[in-house]
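J.: Sequence and predicted structure, then a few things I'm wondering about:
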Amino acid sequence: MGLDIRWPIGLMFTLIGVLLVGYGAVQGASATVQVAGSSLNMDLCWGLVLLVFGAAMLLGASLGGKQPPSA
Amino acid sequence: MQPIALHLIDYTILIAYVGFVLGIGWALSRYMKSSSDFLTSARSIPTWVTGLAFISANLGALELVGMAASGAKYGIATAHFYWVGAIPAMIFLAVFMMPFYYGSKARSVPEYLKMRFDERVRALNSLAFAVMTIFASGISINALAKLLTNLLPWQLNLSLGMLHLGSYDCYLWICSGVVLLYVLKGGLTSAIYTEVLQFFMIVLGFAPVVYLGMKDVGGWHAMNQTLQGVAMNPSSDYLQAPGIHYSANAWTSAWRPLLEGSAHNPMGVDLFAMVFGLGFVLSFGYWCTNFLVVQRAMAAKNMTAARNTPLVAALPKMLFPFLVIVPGMIAAALMAMPEKNYRIPPPIVSAARYDAAVADVRKADPAQIPDACKAISADLGLNVDQVRIGLLIQANAQARLTDDDIRKGLYDGIAVNDYDSVILSLVRKYCPPGLLGLALTALLASFMSGMAGNVTAFNTVFTYDLYQAYMARNKSDHHYFWVSKIATVGGILLSIAAAYFASMFYNAMDIIQLVFGFVNAPLFATFLLGMFWRRTTGTGAFYGLFGGIGASALFHAVTTVRDNLGPNHEALNKMKGGYLGVHGVFPSEMAQNFWLATFAFLVCLTLTLVISLATKRTKSDEELKGLVYSLTPREVDPNQPVWQRPAVMGLVLLAGCVLLNWIFW
């Protein structure tokens, strides 16, 4: 089918990643989770993970019709 | 359930997801030109996509919620539903069965049955399947509408003339509308693509919850140590009635408690029922014959891709227990750590009932705790923990507590867990705004794709196996293309009706699931004989299947579970079986279910064998070529490297699965 699914996946997770990173950076305290004595800005950290994942999908899609190795 | 406070960022993520899903449907719509594009994706999709859709179609939100619930209730042994109850069957499908499904050019599982046997077997299978998909889709969308009604703060009220719609109705119609739009635009491809999107949403949406929960309990080792204490006294977590004790490894070892017998593990299951009942009959019956999942593999672009689809799916499937079962184990461990101030939520109790119980705590006599507990238990309509309620009454007698403190004490003292709310309670505990939106979107995504998956399977079976086969043969493809679109709208409307049905009659859904359990239990015997024994006849298959279904209904009618036994050896709740007398008692419903499947399978197998031998073959060897194992030439692609062959990949995956079982032995 003509549409490469990696485009929408990549775009969506890049967008959500940017949103989370932005929110985590701006909000600071309210994006922070306290567990087991350490505090983590989860929105910022996980937003970065989503951003990397989204970018990898976009890269895969833009490198052309080749499918990932599992195909 | 308290509404969750959602922020703008959470809504933005939710809306962005819905936007992308609709966008995919819209982008695909220009490729939809024939019934085959719409219903079978014209067999054009790459393996990794069909592979992820293959597991996603099965990984609905109900599975997500249910597996976390079982993780808390039964511990790591729940992983048997993956390592025993899925992986071997998926590998078998890839290596042995896919060549017939894909190679026969059948467009659906019922159509394969028609080619192999006759119209009767196809009619039986397609009718049962069509009804089942509608109800499955209805259950999914009902659960989603209920979840949104409970979670979102808005009270929606819409009056359309005579029609009055509340929040539940609005969410039900809006979500169904979204699913309708993207399935109608992009057909099966749309459903498959959004399933892949959902796969990543679930993994990336729930991984942080698991990570934070695991960090909170102090890591894997600390969690296991706490769970060992829980296993020795499960009533402390309200996991079992007081007085039941297991060995320390009951929540943390997958096999050892099973080997000790059904009285020694919380599932109440013995080794044979687990390996044969779940691992063979139920698992192969589901993964190898259910068109909902098989359809994903049949949409692959060529035979190799079709055979590799379940193999690609098997790898993440094997690791899913860490994402979906471990949260339940974390919840059980957290509950046993008083300083964490967490409990698995009790069933929802109305404010009026809490008020009555608060009043009873206030007037209770600290010297008469058992009587007071009885009254409080009657107020709440649920069993309470005497020790905790006793402490609450004493604390209130010493220093008058506020109403809110008493309510909190009552909440903690209800000795019943609502396991289905485990996953949401963890999301609520750990997710800050943003991550919360992501996790809720993952849930929403899987509920919606649960509906989409079932509707796309329904419209294919309706169009090809019911409409084209029995109502209007030999029409143009354009005609069937339109019928398939109408079937999609009809499927959605029927699902909405099923959702209302499920929301109105609490028991109705249990009965339906029970009946479909009966229908599915014997199915694999028919396929096994059909694919591997050329002598199997249509008459044998048809009556064998009927006999198997009857056998499971009968089995259920004369057996029940131990905690459902009344004082005169009668079944109390007839839904749990035994309404024609109790001739067998099982330690748990799971054990009853596994043995029922085993019995139905053996009856179907025997009947099909005997009747086939007694009846004349109607199909020649030539006609069965490509449909039966021994009559089909093996397809070996000489250009394919050895390590990429399905059998070789299957063996590697099987070894991985054995390794996991060994690690968690």
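T.: That came through, no problem.
J.: What is the neighbour count of residue 19?
T.: You didn't say which chain, so I picked chain A. 21 (other Cβ atoms under 10 Å in any protein chain shown). All C-beta spots, glycine's among them, are computed from the backbone N, C-alpha and C.
J.: right idea, wrong chain: chain B
T.: Taking other Cβ under 10 Å as the neighbour definition, residue B:19 ends up with a count of 12.
J.: what sits up against the stretch of helix or strand it belongs to?
T.: Following DSSP states H and E, the helix or strand that holds residue B:19 is helix B:8-28. Residues lying outside helix B:8-28 but in contact with it, judged by Cβ atoms under 8 Å, 6 or more residues apart in numbering or on different chains, are A:1-3, A:5, A:8, A:11-12, A:15-16, A:19-20, A:23, B:178, B:181-187, B:189-190, B:193-194, B:197, B:201, B:433-434, B:436-438, B:440-441, B:444-445, B:448.
J.: and if you look at stretch B:338-358?
T.: B:1, B:72, B:216-217, B:237-238, B:331-332, B:334-335, B:376, B:379-382, B:403, B:406-407, B:410-412, B:414, B:416-419, B:421-422, B:425, B:429.
J.: pLDDT averaged over it - what is it?
T.: Along stretch B:338-358, the predicted local confidence has a mean pLDDT of 90.
J.: With just CA atoms, put it into PDB.
T.: Taking Å, rounded to 0.1, in the frame of the first residue of the first chain, the C-alpha atoms of stretch B:338-358 are listed here in PDB:
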ATOM      1  CA  PRO B 338       2.900  -0.100  54.500                       C
ATOM      2  CA  GLU B 339       5.200   2.900  54.000                       C
ATOM      3  CA  LYS B 340       4.200   3.100  50.300                       C
ATOM      4  CA  ASN B 341       0.600   3.900  51.200                       C
ATOM      5  CA  TYR B 342      -0.900   2.000  48.300                       C
ATOM      6  CA  ARG B 343      -3.600  -0.500  48.000                       C
ATOM      7  CA  ILE B 344      -5.100  -2.200  44.900                       C
ATOM      8  CA  PRO B 345      -8.400  -0.200  44.800                       C
ATOM      9  CA  PRO B 346     -11.500  -1.800  46.300                       C
ATOM     10  CA  PRO B 347     -14.700  -2.000  44.200                       C
ATOM     11  CA  ILE B 348     -16.400   1.300  43.800                       C
ATOM     12  CA  VAL B 349     -18.700   2.000  46.700                       C
ATOM     13  CA  SER B 350     -21.300   4.900  46.700                       C
ATOM     14  CA  ALA B 351     -20.800   7.900  48.900                       C
ATOM     15  CA  ALA B 352     -24.100   7.100  50.700                       C
ATOM     16  CA  ARG B 353     -22.800   3.700  51.700                       C
ATOM     17  CA  TYR B 354     -19.500   5.200  53.000                       C
ATOM     18  CA  ASP B 355     -21.500   7.800  55.000                       C
ATOM     19  CA  ALA B 356     -23.600   5.000  56.700                       C
ATOM     20  CA  ALA B 357     -20.300   3.100  57.500                       C
ATOM     21  CA  VAL B 358     -18.700   6.300  58.900                       C
END
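J.: starting at the chain centroid, how far to it?
T.: Once both centres are worked out by Cα atoms, centre = their mean, to the nearest Å, stretch B:338-358 turns out to sit 28 Å from its chain's centre.
J.: quick one: residue B:135 and residue B:497, what's the gap?
T.: Residue B:135 sits at a distance of 10 Å from residue B:497 (criterion: Cβ to Cβ, to the nearest Å).
J.: Those two: who's more crowded?
T.: Just comparing residue B:135 and residue B:497: by other Cβ under 10 Å the higher neighbour count belongs to residue B:135, 22 against 12.
J.: Got phi/psi on the more buried one?
T.: For residue B:135, the backbone dihedrals are phi -70, psi -40 (criterion: degrees, to the nearest 10).
J.: Now for it: which residues touch it?
T.: Contacts of residue B:135 were listed using Cβ under 8 Å, 6+ apart, and they are B:498, B:502, B:509, B:512, B:516.
J.: can you list these in CSV and add distance to chain A and neighbour count?
T.: Output for the contacts of residue B:135, formatted as CSV (distance: Cβ to the nearest Cβ, whole Å; neighbours: other Cβ atoms under 10 Å in any protein chain shown):
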residue, distance to chain A, neighbour count
B:498, 30, 24
B:502, 31, 21
B:509, 33, 17
B:512, 34, 20
B:516, 32, 16
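J.: if you skip the residues just before and after it, what's nearest to residue B:393?
T.: Counting by Cβ to Cβ, 6 or more residues apart in numbering or on different chains, residue B:393 lies nearest to residue B:364, which is 4.7 Å off, once chain neighbours are set aside.
J.: and what of residue B:256?
T.: Closest residue in space to residue B:256, ignoring its immediate chain neighbours: residue B:249 at 5.5 Å, by Cβ to Cβ, 6+ apart.
J.: In a strand, that neighbour, correct?
T.: No: following the definition DSSP: H, G, I helix; E, B strand; the rest coil, residue B:249 is coil and is not counted among the residues of a strand.
J.: That one: neighbouring residues, count only.
T.: Residues within reach of residue B:249, counting by other Cβ under 10 Å, total 21.
J.: can you check residue B:364 too?
T.: Close neighbours of residue B:364, defined as other Cβ under 10 Å, add up to 22.
J.: Contact partners for it?
T.: For residue B:364, the contacting residues are B:372, B:375, B:376, B:393, B:396, B:397, taking Cβ under 8 Å, 6+ apart as the criterion.
J.: what do you get if the cut-off is 10 Å, keeping everything else the same?
T.: Remark: with contacts taken as Cβ atoms under 10 Å, 6 or more residues apart in numbering or on different chains, residue B:364 is in contact with B:371, B:372, B:373, B:375, B:376, B:389, B:390, B:392, B:393, B:394, B:396, B:397.
J.: Mark which of these are part of helices, please.
T.: With DSSP state H as the criterion, helices contain B:371, B:372, B:373, B:375, B:376, B:389, B:390, B:392, B:393, B:394, B:396, B:397 from among the contacts of residue B:364.
J.: The last one contacts residue B:406, doesn't it?
T.: No: with contact defined as Cβ atoms under 10 Å, residue B:397 does not count as touching residue B:406 (11.8 Å).
J.: higher neighbour count, the two?
T.: Neighbour tally, residue B:397 and residue B:406, criterion other Cβ under 10 Å: the higher count belongs to residue B:406, 22 against 15.
J.: And the contacts of residue B:364, which is closest to chain A?
T.: Distance to chain A, by Cβ to the nearest Cβ, is smallest for residue B:392 among these, at 27.9 Å.
J.: Wait, the closest one touches residue B:408, no?
T.: Yes: the pair residue B:392 and residue B:408 qualifies as a contact (Cβ under 10 Å) at a distance of 9.2 Å.
J.: neighbour-wise, which of the two wins?
T.: The residue with more neighbours, out of residue B:392 and residue B:408 and counting by other Cβ under 10 Å, is residue B:392; that gives 25 against 14.
J.: what's near enough to touch the more buried one?
T.: B:361, B:364, B:369, B:372, B:376, B:384-385, B:401, B:405-406, B:408-410, B:412-413.
J.: quick one: which of the residues you listed has the most company?
T.: For the contacts of residue B:392, counting by other Cβ under 10 Å, the largest number of neighbours falls to residue B:413: 28 neighbours.
J.: close enough to count as contact, that one and residue B:372?
T.: No: shown here, residue B:413 and residue B:372 do not form a contact pair, counting by Cβ under 10 Å, at 11.5 Å.
J.: Give me the common contacts of those two.
T.: With Cβ under 10 Å, 6+ apart applied, the overlap between the contact sets of residue B:413 and residue B:372 consists of B:361, B:384, B:386, B:389, B:390, B:392, B:393.
J.: pretty sure the third one contacts residue B:373?
T.: Looking back up the chat, that one is residue B:386. Yes: under the criterion of Cβ under 10 Å, residue B:386 makes contact with residue B:373 at 5.0 Å.
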